[in-house]
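Asker: next come a sequence and a model predicted from it.
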There are 2 protein chains.
Amino acid sequence: MSLVKLSAAEIEEMLASLPDWGIDQHKLYRHFVFSNFVDAWGFMSQVALLAETANHHPEWSNVYNRVEIHLTTHDCDGISERDFALARQINSLL
Amino acid sequence: MSLVKLSAAEIEEMLASLPDWGIDQHKLYRHFVFSNFVDAWGFMSQVALLAETANHHPEWSNVYNRVEIHLTTHDCDGISERDFALARQINSLL
């Protein structure tokens, strides 16, 4: 999968088909709210397996029922197709 | 376990016997560096079970092999014995 840094126009176009994600701190970003910690952790566990399988890991944080995920590709110092691929997989969990 | 907000002097005294923790953003704080994501995630999974059992949840973030944990007690708007208790349990994992 391409690690080429996407242009702002490309990102905008790809975001149009990726519900609930946006850009924050120059990274692909989505936040999630669950019923409680157990549900949030269950979600994170699924994301962890996706990330390890893809060898592409999120920058993420959790406080009780809330999870924030930032995706970026260090190799290109920007957002690449790998970030969008992982974001789509994450969306498919929900 | 007491949810009373600890004084600065009490916190300083308790920190003396809690290796590698400090104060950041008025919260009990420690960061951890592991060999890779799998090791970091394994550690986080253990902390998640401790936190859920104690019904006291961390504010935490992860980027690949790095984990940062902030502990605070919302009920007293400060650091309480519950935070130190969880921090000690976390240290005992390592």
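Answerer: Everything's here; your move.
Asker: and chain A, which residues reach chain B?
Answerer: Within chain A, the positions near chain B by C-beta under 8 Å from any C-beta of the partner chain are A:37-38, A:41, A:45, A:48, A:51-52, A:57-64. (C-beta placed from N, C-alpha, C; glycine too.)
Asker: for those residues, work out which two are farthest apart.
Answerer: The largest separation in these, counting by C-beta to C-beta, is between A:Glu52 and A:Tyr64 at 24.2 Å.
Asker: tell me where chain A has helices.
Answerer: A:8-15, A:37-54, A:81-93 (DSSP state H).
Asker: is it possible to get CSV of those that adds mean pLDDT?
Answerer: Conversion of those to CSV gives the following (pLDDT from 0 to 100):
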stretch, mean pLDDT
helix A:8-15, 97
helix A:37-54, 98
helix A:81-93, 98
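Asker: any chance of the ones you listed in JSON lines, plus mean neighbour count and distance to B:Ile79?
Answerer: Putting those into JSON lines (neighbours: other C-beta atoms under 10 Å in any protein chain shown; distance: least, C-beta to C-beta, whole Å) gives the following:
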{"stretch": "helix A:8-15", "mean neighbour count": "14", "distance to B:Ile79": "40"}
{"stretch": "helix A:37-54", "mean neighbour count": "17", "distance to B:Ile79": "20"}
{"stretch": "helix A:81-93", "mean neighbour count": "18", "distance to B:Ile79": "34"}
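Asker: which one of the ones you listed lies nearest to B:Thr73?
Answerer: The stretch from those with the least distance to B:Thr73 (C-beta to C-beta) is helix A:37-54; that distance is 15.5 Å.
Asker: ok, residues contacting the closest one?
Answerer: Counting contacts by C-beta atoms under 8 Å, 6 or more residues apart in numbering or on different chains, the residues outside helix A:37-54 that touch it are A:32, A:34, A:57-58, A:60, A:62, A:64-67, A:69, A:82, A:85-86, A:89-90, A:93-94, B:37-38, B:41, B:45, B:48, B:51-52, B:57.
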